[in-house]
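S.K.: could you look at this predicted model? Sequence included:
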Amino acid sequence: MTSSLQRQYLQLIGVDVWLDRNTPPLADEAAPLAKAPTGDQLPSRDVEVWRTLRKQVSVCTQCDLHRGRKQTVFGTGDQQADWMVIGEAPGAEEDRQGEPFVGRAGQLLNAMLLAIGLERQQVFIANILKCRPPNNRDPRPEEVAFCEAYLKKQIHLIQPKIILTVGRIAAQNLLKVETAIGRMRGQRYRYPGSDIPVVVTYHPAYLLRSPKEKRKSWQDLQLAMRVYREM
Ligand code: SF4
């Protein structure tokens, strides 16, 4: 991706003014942010494991959230991705479409990814919960506990080189901490029990409500790029 194209995406996510004043280097074109598509198919055993997992999630009734869902939201993207993006839970539109991060927040997430040279389909996007909590309330601990086996399995299958969590709920639940998101930003974490690095940033829905924080999210994305390249 050319720097000018990246700048267009940065303008889209609202960091152009900041960028002009303090321009750190944009993504280095010589060092791509994701492996080139190999055209390799998943091994047939993995295809079967993914199919079984998807089926398990689609009929899951382990917590009460199954009662109010239109459908489960399994996750989407490259099952061999270097990057995983993990958010909180489906909202109304995700529940309707069966896909995470659609609507305005999804568009902003797509633009954030494009700003660092990643197409949405190059990453795998999932949530802590696969079913929509009513009225967009926070996930309850027991819901997270029931649902986390599915996300763990997805991470285990994908073996990403980096995980980007978006929003407080995702960061705290994935990393098993209660630290405020403002204090988690700028740190490098490890996904518990693994060497997979985790970088924390704000949820795009929050950025839509608080556009001033977009500059910070760009700093977070830059940190994620550096961490990825060091792997
Ligand atoms: S949120 Fe997770 S654990 Fe609860 S019913 Fe949905 S898939 Fe099952």
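M.R.: Thanks, I have it.
S.K.: residues of this protein that sit close to the ligand?
M.R.: Taking Cβ under 6 Å from any ligand atom as the criterion, the neighbours of the ligand within the chain are 57, 60-63, 65-66, 72, 129-131, 143, 146-147. Placement of C-beta: from N, CA and C, glycine included.
S.K.: now the residues you listed: which count as buried?
M.R.: Among these, those classed as buried by neighbour count (16 or more other Cβ atoms under 10 Å) are Val57, Cys60, Gln62, Cys63, Leu65, Thr72, Leu129, Lys130, Cys131, Glu143, Phe146, Cys147.
S.K.: just give the closest residue to the third one, not the sequence neighbours.
M.R.: Of all residues not flanking Gln62 in the chain, Phe146 sits nearest, at 4.2 Å (Cβ to Cβ, 6 or more residues apart in numbering).
S.K.: secondary structure element for the one you found?
M.R.: Assigned by DSSP states H and E, Phe146 falls within helix 141-158.
S.K.: return the set of buried residues in that helix.
M.R.: Across helix 141-158, burial judged by 16+ other Cβ under 10 Å covers Glu143, Val144, Phe146, Cys147, Tyr150, Leu151, Lys153, Gln154, Ile155, Leu157, Ile158.
S.K.: so Glu178 touches Gln172, yeah?
M.R.: Yes. Under the criterion of Cβ atoms under 8 Å, Glu178 is in contact with Gln172, at a separation of 6.1 Å.
S.K.: tell me which of the two has more neighbours.
M.R.: Set side by side, Glu178 and Gln172 show more neighbours around Gln172, with 19 against 7, by other Cβ atoms under 10 Å.
S.K.: quick one on the thing from earlier: tell me the one among the buried ones among the residues of the chain next to the ligand nearest to Val200.
M.R.: Nearest to Val200 among those: Leu129, at 18.1 Å, using Cβ to Cβ.
S.K.: give me the phi and psi for that closest one.
M.R.: Leu129 adopts backbone torsions of phi -110, psi 150, taken as degrees, to the nearest 10.
S.K.: tell me how many other residues surround the residue lying closest to it once chain neighbours are set aside.
M.R.: With sequence-adjacent residues excluded and distances taken as Cβ to Cβ, 6+ apart, Leu129 is closest to Ala89, at 3.8 Å. By the criterion of other Cβ under 10 Å, Ala89 has 26 neighbours.
S.K.: before we move on, what SS does Ala89 have?
M.R.: Of the three states, Ala89 takes coil under DSSP: H, G, I helix; E, B strand; the rest coil.
S.K.: now do the same contact list for it.
M.R.: Asn127, Ile128, Leu129, Cys131, Arg132, Pro133, Pro139, Ile169 (Cβ atoms under 8 Å, 6 or more residues apart in numbering).
S.K.: the fifth one - how many residues pack around it?
M.R.: If I follow you right, that is Arg132. Using other Cβ under 10 Å, Arg132 has 23 other residues around it.
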